[in-house]
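**Student:** only geometry, no sequence info:
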Ligand code: VGL
């Protein structure tokens, strides 16, 4: 617990990389705007987090994860090649993470096989995300980023498996466009499995879907 009595919470920013945004190799609609909203959230809410970390897809030779042709389920176009411009964090996020101390660590994953969950990643010293958070007594995480139905979902489930309390802030996520309706199915599944679906900004109301219903994350 921290002095305010709430468990230490980390923000986990998943795969906000140029290849997953407009103009990239595997673009997700709204990826660039998602990066901007995450930057704004970091600027506004940084003091409320015990740590802020990011993950990066970082492929060297991920085998069947790269498909020719890809099926967009288990195989994908070549993306996030280690060290390439497309693997860099998106520039709309970079404006926030360049603030000294804004980002506490980066966890890279997927060098030699598909790795959707950030909990399969490791920092520059080889420490995994789960151990890193545990050593800082983090008990809860907010998961945001790209793509909701792929790496955000896997990272949220990975966090649950670590025994963490998990929120997904849906207004700070972007999802693959196909198949239509996938985001809602994903959010329902996550909610059923114990993930809190919330928003960083106050919901505007009106719609009756999951994305309008969640409470604001304090
Ligand atoms: C992702 C598809 C393939 C993601 C990564 O970051 O969500 N999606 N590789």
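**Tutor:** Nice, I can see it. Predicted model only: the values in this text are computed from it and were never measured.

**Student:** tally of neighbours for the closest residue to residue 118 other than its chain neighbours?
**Tutor:** Distance criterion CB to CB, 6 or more residues apart in numbering; nearest residue to residue 118, sequence neighbours excluded, is residue 55 at 3.7 Å. C-beta here means a position set from N, CA and C on the backbone, and glycine is covered the same way. Residues within reach of residue 55, counting by other CB atoms under 10 Å, total 29.

**Student:** and the one helix or strand residue 169 maps to, what's its mean pLDDT?
**Tutor:** Using DSSP states H and E, residue 169 falls within strand 165-174. Mean per-residue pLDDT for strand 165-174: 98.

**Student:** For it, name the packing helices and strands.
**Tutor:** Judged by 3 or more CB pairs under 8 Å, 6 or more residues apart in numbering; DSSP states H and E, the packing partners of strand 165-174 are helix 31-45, strand 140-146, helix 153-161, helix 182-192, strand 196-198.

**Student:** what residues does this protein put near the ligand?
**Tutor:** 15, 20, 57, 76, 146-147, 150-151 (CB under 6 Å from any ligand atom).

**Student:** Pretty sure residue 61 sits in a helix.
**Tutor:** No. With DSSP: H, G, I helix; E, B strand; the rest coil as the criterion, residue 61 is located in coil rather than a helix.

**Student:** Would you check that it makes contact with residue 112?
**Tutor:** Yes. At 5.7 Å, residue 61 and residue 112 qualify as touching, with contact defined as CB atoms under 8 Å.

**Student:** rewinding a little: partner strands of the strand holding residue 169, parallel or antiparallel?
**Tutor:** Here strand 165-174 has these sheet partners by DSSP bridges: strand 140-146 (parallel), strand 196-198 (parallel).

**Student:** right, and the helices and strands packed on strand 165-174 - which one's nearest residue 11?
**Tutor:** Closest to residue 11 of the helices and strands packed on strand 165-174, according to CB to CB: strand 140-146, at 5.0 Å.

**Student:** same question for the closest one, mean pLDDT?
**Tutor:** Averaged across strand 140-146, the pLDDT comes to 98.

**Student:** before we move on, the earlier item: would you list the buried entries among the residues of the chain next to the ligand?
**Tutor:** 15, 20, 57, 76, 146-147, 150-151 (16 or more other CB atoms under 10 Å).

**Student:** Point out the ones among these that are inside strands.
**Tutor:** Of the positions in these, 57, 146 sit in strands, assigned by DSSP state E.

**Student:** neighbours around residue 88, how many?
**Tutor:** Around residue 88 there are 15 other residues, counting by other CB under 10 Å.

**Student:** so it makes contact with residue 21?
**Tutor:** No. In this structure residue 88 lies outside contact range of residue 21 using CB under 8 Å: 10.6 Å.

**Student:** can you list residues touching both of the two?
**Tutor:** Counting by CB atoms under 8 Å, 6 or more residues apart in numbering, residue 88 and residue 21 have no common neighbour.

**Student:** Of all the residues in the helix or strand of the chain with the lowest mean pLDDT, which ones are buried?
**Tutor:** Lowest by mean pLDDT, DSSP states H and E among the helices and strands of the chain is helix 91-97, with a mean of 82. Neighbour-count burial for helix 91-97, counted by 16+ other CB under 10 Å, picks out 92-93, 95-97.

**Student:** Sweet, I'm off.
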